[in-house]
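Participant: structure for the following, please:
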Amino acid sequence: MADLHTIDRWIRDRARRTPQRVAISFAGRDVTYAELDDRSDEVARGLRHGEVVSTLTGNSPEHVALMFACAKAGAILHPISWRLAAAEVAFQLDDAGSAVLWVEEGHAPLAEAALGLASVTPRELVSDTLKVSDTKVSDTRPGDSDGLLLIYTSGTTGKPKGALLTHANCYWTNLSFDLATGVGGDDVVLACLPQFHCGGWNVQPLLAWWKGAKVVLERQFEAARALRLIEEQRVTTMMGVPANYLFMAQEPGFATADLSSLRCCVVGGAPMPVPLLELWRDRGVEIVQGYGLTEASPNVLCLSPEDAMHKIGSAGKAYPYVEIDVGPGDELLVRGPNVFPGYWRNPDATAATLVDGWLRTGDVVEVDDEGYVTIKGRLKEMFISGGENVYPAEIESVLHDHPRVHDVAVVGVADETWGEVGAAFVVVDGEVSERELVTFCRDRLARFKVPKSVHFVDALPRNSMGKIQKSELRLPVAAE
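Facilitator: I've put the predicted structure just below:
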């Protein structure tokens with residue numbers, strides 16, 4: 001009875017039990033569970049066990065079918081952010097060793113530019129119809145420990161790392177999420193998070209398809225449309241980052257929007273501001289706060305609605321099947337079947353992150369007498385902008401490539417819209433403008449990574465060991 005925790009079982013079982021129930025509502029068309037199962041069967045015939053299937057696409061039913069096809073074939077889905085620059089996409093293709101590339105038509109120019117820079121030559125899938133060349137299907141079924149998702153996260157050394165999530169990781173993280181917040185077969189889930197994020201799969205959508213619920217899938221988030229869909233589709237639950245809920249609350253129609261169908265909303269990616277929590281509560285909507293990271297598939301901590309105001313600022317307690325501990329430096333450590341086996345083809349990074357069976361999160365925490373965890377800061381210098389993890393080292397690496405930049409440090413600073421944004425402090429040789437440096441970054445980095453401001457300084461503050469004292473750079477920015 002081994003290998004019972006594979007995701008291919010979910011769609012097969014659901015299609016057998018409720019074939020005509022709607023699995024996905026997308027842009028005015030419905031896809032049933034039977035259709036999703038049949039389509040993923042067809043696509044799986046063109047995939048091979050263990051190969052990496054890379055994608056450049058917006059959210060779509062075809063992408064979901066491809067994910068289930070990978071699950072059935074034992075292939076690994078590697079969704080690439082379409083927000084990246086061509087050089088960043090090329091790096092991921094090469095690092096992943098992509099065997100297959102599926103590109104949605106609108107992202108073809110980005111794919112073409114990236115392939116021109118990459119060393120790999122993956123075979124292509126036709127985007128519009130998701131056609132694949134017939135390949136002899138392997139008799140090997142996927143196993144619990146086989147990879148299912150390869151999600152790249154920004155790196156503290158300036159290069160992203162591929163976090164490999166197995167079938168078992170996805171199984172257990174969805175089970176624990178269900179036990180903590182729950183999705184039922186009669187739920188209607190609004191899914192707006194991009195599918196190049198772990199949360200776009202493992203925070204509600206996969207669980208919804210396991211349970212036989214309907215997922216209202218959006219290509220991207222639009223605040224006014226989200227409010228309209230909640231009313232029209234009678235949405236019962238959704239997941240978003242704080243900026244999603246902020247933008248909806250800022251819509252002129254928010255005060256009169258029909259939100260009566262919503263039983264619960266989930267927020268993650270950054271702490272939810274208390275005034276925003278109160279605003280949604282005044283509209284009768286409970287918010288479940290959470291904390292996670294890709295390496296944990298991603299669910300780690302959860303704060304229930306009844307504790308949201310009582311434990312303001314807390315990230316909650318561990319999900320079922322998740323163990324936490326506090327290590328040296330008050331670093332949050334995580335252990336459980338949701339924790340990934342390691343970084344793709346990067347044993348050194350894996351060894352530094354997985355220590356004695358525990359996942360080092362890099363986040364500094366405080367645990368109160370009741371066991372509630374509050375995130376106090378980061379051992380790593382990552383900041384979160386609009387729900388996206390941004391590592392200063394990656395931006396600094398790009399700015400160092402500019403011929404006029406002699407020294408640079410990037411820090412995250414508070415921003416009313418995005419939570420945090422980057423501020424770059426640079427020492428330059430010669431004449432160069434802020435606009436020129438920002439443009440230089442835009443050509444090489446995803447937009448959310450580009451510093452919002454550039455500050456020219458004579459020298460960067462350093463300690464006796466030569467390490468930049470970034471804490472001294474934050475104060476003047478915060479006071480501006």
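
Participant: how far away from the center of its chain is the strand or helix carrying K72?
Facilitator: Using DSSP states H and E, K72 falls within helix 61-73. Chain-centre distance of helix 61-73: 18 Å, with Cα atoms, centre = their mean, to the nearest Å.

Participant: next helix or strand past that helix?
Facilitator: Heading C-terminal from helix 61-73 (DSSP H and E), you reach strand 76-79.

Participant: middle-most residue in the chain, spatially?
Facilitator: Among the residues of the chain, the one closest to the centroid is H197, at 2.8 Å (Cα atoms, centre = their mean).

Participant: what kind of secondary structure is it in?
Facilitator: With DSSP: H, G, I helix; E, B strand; the rest coil as the basis, H197 sits in coil.

Participant: ok so, going back, what's the helix holding K72 in contact with?
Facilitator: 6-8, 11, 24, 26, 29, 31, 36-37, 39-44, 47-49, 53, 55, 57, 75-77, 79, 102, 125, 127, 130, 137-138, 142, 148, 167, 195, 201, 205, 209, 217 (Cβ atoms under 8 Å, 6 or more residues apart in numbering). All C-beta spots, glycine's among them, are computed from the backbone N, C-alpha and C.

Participant: what mean pLDDT does it get?
Facilitator: Mean pLDDT, helix 61-73: 97.

Participant: now do the buried residues in that helix.
Facilitator: Across helix 61-73, burial judged by 16 or more other Cβ atoms under 10 Å covers 61-73.

Participant: so which residues of the stretch 251-400 of the chain form helices?
Facilitator: 274-282, 347-353, 392-400 (DSSP state H, counting those that start in this stretch).

Participant: how about these in TSV, adding distance to S304, mean neighbour count and mean pLDDT?
Facilitator: Below are the helices of the stretch 251-400 of the chain laid out as TSV (distance: least, Cβ to Cβ, whole Å; neighbours: other Cβ atoms under 10 Å; pLDDT from 0 to 100):
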stretch	distance to S304	mean neighbour count	mean pLDDT
helix 274-282	13	15	88
helix 347-353	29	14	96
helix 392-400	34	21	87
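
Participant: list the contacts of D330.
Facilitator: So D330 contacts V364, V365, E366, K376 (Cβ under 8 Å, 6+ apart).

Participant: hang on, the earlier thing: so the residue nearest to the centre of the chain makes contact with Y152?
Facilitator: No. Counting by Cβ atoms under 8 Å, H197 does not reach Y152; the two are 10.4 Å apart.

Participant: could you list the low-pLDDT ranges of the stretch 101-250 of the chain?
Facilitator: Applying pLDDT under 70 to the stretch 101-250 of the chain flags the ranges 126-139, 155-158.

Participant: what about 80?
Facilitator: 125-140, 154-158 (pLDDT under 80).

Participant: can you map out the helices along it?
Facilitator: Per DSSP H, counting those that start in this stretch, the stretch 101-250 of the chain carries helices over the ranges 108-117, 167-180, 199-202, 205-211, 223-232, 242-250.

Participant: off-centre distance for the second one?
Facilitator: I take that to be helix 167-180. Centroid separation between helix 167-180 and its chain, computed with Cα atoms, centre = their mean, is 16 Å.

Participant: so which bits of that helix are buried?
Facilitator: Those would be 167-178, 180, for helix 167-180 by 16+ other Cβ under 10 Å.

Participant: three-state assignment of H49?
Facilitator: Quick answer, by three-state DSSP: H49 is coil.

Participant: you'd agree R83 is in a helix?
Facilitator: No. Going by three-state DSSP, the assignment for R83 is coil, not a helix.

Participant: okay, how far is it across stretch 281-289, tip to tip?
Facilitator: For stretch 281-289, the first-to-last residue distance is 13 Å (Cα to Cα, to the nearest Å).

Participant: for that stretch, which outside residues touch it?
Facilitator: With Cβ under 8 Å, 6+ apart, stretch 281-289 has contacts from 181, 245, 254-255, 257, 259-260, 262-268, 271-272, 277, 280, 302-305, 308-309, 315-316.
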